[in-house]
Every structure is written in structure tokens, then in C-alpha cells.
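# After the sequence you'll find the predicted model.
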Amino acid sequence: MVNLVFLGPPGAGKGTQSSYIINDYKVVQISTGDILRSAVKQGTELGKMAKKYMDEGKLVPDDVIIGIVRERLKQDDCKNGFILDGFPRTIAQAVALDAMLKDDLNISLTHIISLEVDDNLIMERLTGRRTCKGCGKVYHIKYNPPKKDGVCDDCGGELYQRDDDKEETIAKRLKVYHEQTSALKDYYKNSGKLYVVNGFGEVDDIYRKIKEILG
Ligand code: AP5
């Protein structure tokens, strides 16, 4: 069973590695960023509220995100395992996650993987990221380019640049990460389930290390 929390700064490669894990381990990926972006696209009340925070590189308030994850984890497709990608991001979210897993679901996390990349790599990774509008597949113009410019290899969808992948917003997201999220490594350090993985290198090599951890 894999009930995984992926920690790591923006652009560490959490989404990229998650796409391999969900194929091999048949678990679901719960990306709070994807859930919020989908709400923004649909123009829901949640989306309108979240957009203000996301455009400024700030975190959406804890109570909103905790409510979203609580409802998502109750769904049947999570019973065979899940990846939490981008949650928790604050100590309050981690405490709430512990409570919902124990009290509502009677399950526990199996792995916490902290994917670590130096700040100086992140700007290049994120300014060069392109995402498919159709299937959400993530590319990089230099490190993982599509076969045809601007077009998804898998579904033929159009590739776009995320609104928050502008230099100024990336710098803010990174600051927020160091101020509010990086402390989570300490929070999990005595759990016996925390693994640190260097996120610098070839995507396949990093995935190999992750597979060794997940078994
Ligand atoms: P979210 O969508 O979670 O963004 P993030 O954490 O900033 O993570 P990213 O998606 O930017 O990075 P990633 O690690 O997945 O990297 P990727 O694999 O794409 O959050 C967005 C916003 O939503 C937040 O700012 C906040 O406002 C809000 N939010 C979300 N969750 C929240 C929460 N819990 N609480 C409050 N607010 C929340 O890779 C990046 C690029 O690098 C790609 O182009 C990829 O191709 C490339 N790449 C990947 N691996 C490699 C490699 N090994 N070598 C070279 N290039 C690589």
C-alpha cells in the first residue's frame, strides 16, 4: 500500500514523479494545486477566491484546503492508495491531515518523500514548464520538450504556461515555501517514514530512487 505525502519546493518535480508512480502503483494523485486550478478554470466561488492567492504566490487559507482534502480522501478511489502532492504545506495542515487519517479514515501514511532541489534550479525549471490543457501532462522546453512545439505528445492538446510561473510569482512562492512549508520535514522527522530524495538529475534516475523507497 502506498499512502504518500510528497514534500518539496515548487518545481522540485513532485508532479512529474507522481505521474510515474500512479501508473506503476495504481494509486490516485491528489494535487491541491490541480484541484484549485480546475476550480479557477470553471469559475466557481472557490476558484475566484483561490485565484487571488495563487496569482500572488501565497497559500490559500488552511481551512479551505483542509476541507477540500478531507472530502477528496473520503472518495472510494483513495482506498487503494494515494499521493498527496502539494498538501500539507503548513503545520496546521499536517496536524489536520493526521487527525482526518486517524479519526475519519482509520489509515496512516506509509511514506513521506521530501524531493529536494536547490533554489537556483527552480527558476529555470518553472519558467520553462509547459502543461497540456487537455490531459495535464507536464513538459519542459529544454529538459523534457514535446516532439512538436506547443503540442502534447500524448493527447495532441495545446500546451500552456501556468499563470503563477512568472519570475516574480515564482520568487514569492519560493519565499512562502521556506517560511511556511520547509518546516514540515521536521514535523515528520520522527515518524520513521520520512525519506529525502535529491531532485537534481535525470527524471528516470530520480524515479528509480523513489521506487526503491516505495518497494
Ligand atoms: P502547486 O500546483 O502545488 O505548485 P507547487 O508546489 O508550486 O509545485 P509545482 O507544480 O510548481 O512543482 P512540481 O514539484 O510539481 O514540479 P513539476 O513536476 O511540475 O500549487 C500552486 C498554488 O496553489 C500555490 O502557490 C498555492 O497558492 C495553492 N496551493 C496548492 N496547494 C496548497 C495548499 N496545500 N495550501 C495552500 N495553498 C495551496 O516540475 C517543474 C518543471 O521542471 C517541469 O517543467 C518539469 O518538466 C521539470 N522537471 C521535473 N523534473 C525534472 C528533472 N529531474 N530535471 C529537469 N527538469 C525537471
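Nice, thanks for sending it over.
# any idea how far the one helix or strand residue 210 maps to is from the chain center?
In this structure, residue 210 is located in helix 203-214 according to DSSP states H and E. The chain centroid and the centroid of helix 203-214 are separated by 17 Å, computed with Cα atoms, centre = their mean, to the nearest Å.
# With stretch 42-53 instead?
With Cα atoms, centre = their mean, you get 19 Å for stretch 42-53.
# is it anywhere near the ligand?
Yes - Stretch 42-53 reaches the ligand (Cβ under 6 Å from any ligand atom) through residue 53. In this view, the C-beta of every residue, glycine as well, is placed from N, C-alpha and C.
# Please identify the buried residues of that stretch?
Within stretch 42-53, the residues that qualify as buried are 46-47, 49-51, 53, counting by 16 or more other Cβ atoms under 10 Å.
# can you list contacts of that stretch?
Stretch 42-53 is contacted from outside by 36, 38-41, 59-61, 64, 68, using Cβ atoms under 8 Å, 6 or more residues apart in numbering.
# Could you tell me how many residues sit around the residue nearest to residue 119 when sequence neighbours are not counted?
Excluding its sequence neighbours, the residue lying closest to residue 119 (Cβ to Cβ, 6 or more residues apart in numbering) is residue 174, at 6.0 Å. Residue 174 has 18 neighbouring residues, counting by other Cβ atoms under 10 Å.
# Please apply the same query to residue 140.
With other Cβ under 10 Å as criterion, residue 140 counts 19.
# what's it sitting at in phi/psi?
phi -140, psi 130 (degrees, to the nearest 10).
# List only those of the contacts of stretch 42-53 flagged as buried.
For the contacts of stretch 42-53, buried by 16+ other Cβ under 10 Å: 36, 39-40, 59-60, 68.
# Mind checking which of those residues land in strands?
Assignment to strands by DSSP state E places none of the buried ones among the contacts of stretch 42-53 there.
# Return the member of those residues nearest to residue 130.
Set against residue 130, the nearest of the buried ones among the contacts of stretch 42-53 by Cβ to Cβ is residue 40 (18.0 Å).
# quick one: contacts for the closest one?
Counted by Cβ under 8 Å, 6+ apart, residue 40 has contacts 47-48, 50-51, 54.
# and with 7 Å instead?
By Cβ atoms under 7 Å, 6 or more residues apart in numbering, the contact list for residue 40 reads 47, 50-51.
# of all of the protein, which residue lies closest to the ligand?
residue 33 (1.8 Å; Cβ to the nearest ligand atom).
# Check that residue and give its pLDDT.
The per-residue pLDDT reported for residue 33 equals 96.
# Confirm for me that it is in contact with residue 84.
No - taking contacts as Cβ atoms under 7 Å, residue 33 lies outside contact range of residue 84: 11.4 Å.
# quick one, helices of this protein?
14-25, 32-42, 45-55, 62-73, 91-99, 119-127, 167-176, 184-188, 203-214 (DSSP state H).
# Relative to residue 153, which of these is closest?
Here helix 14-25 is closest among these (Cβ to Cβ), at 12.8 Å.
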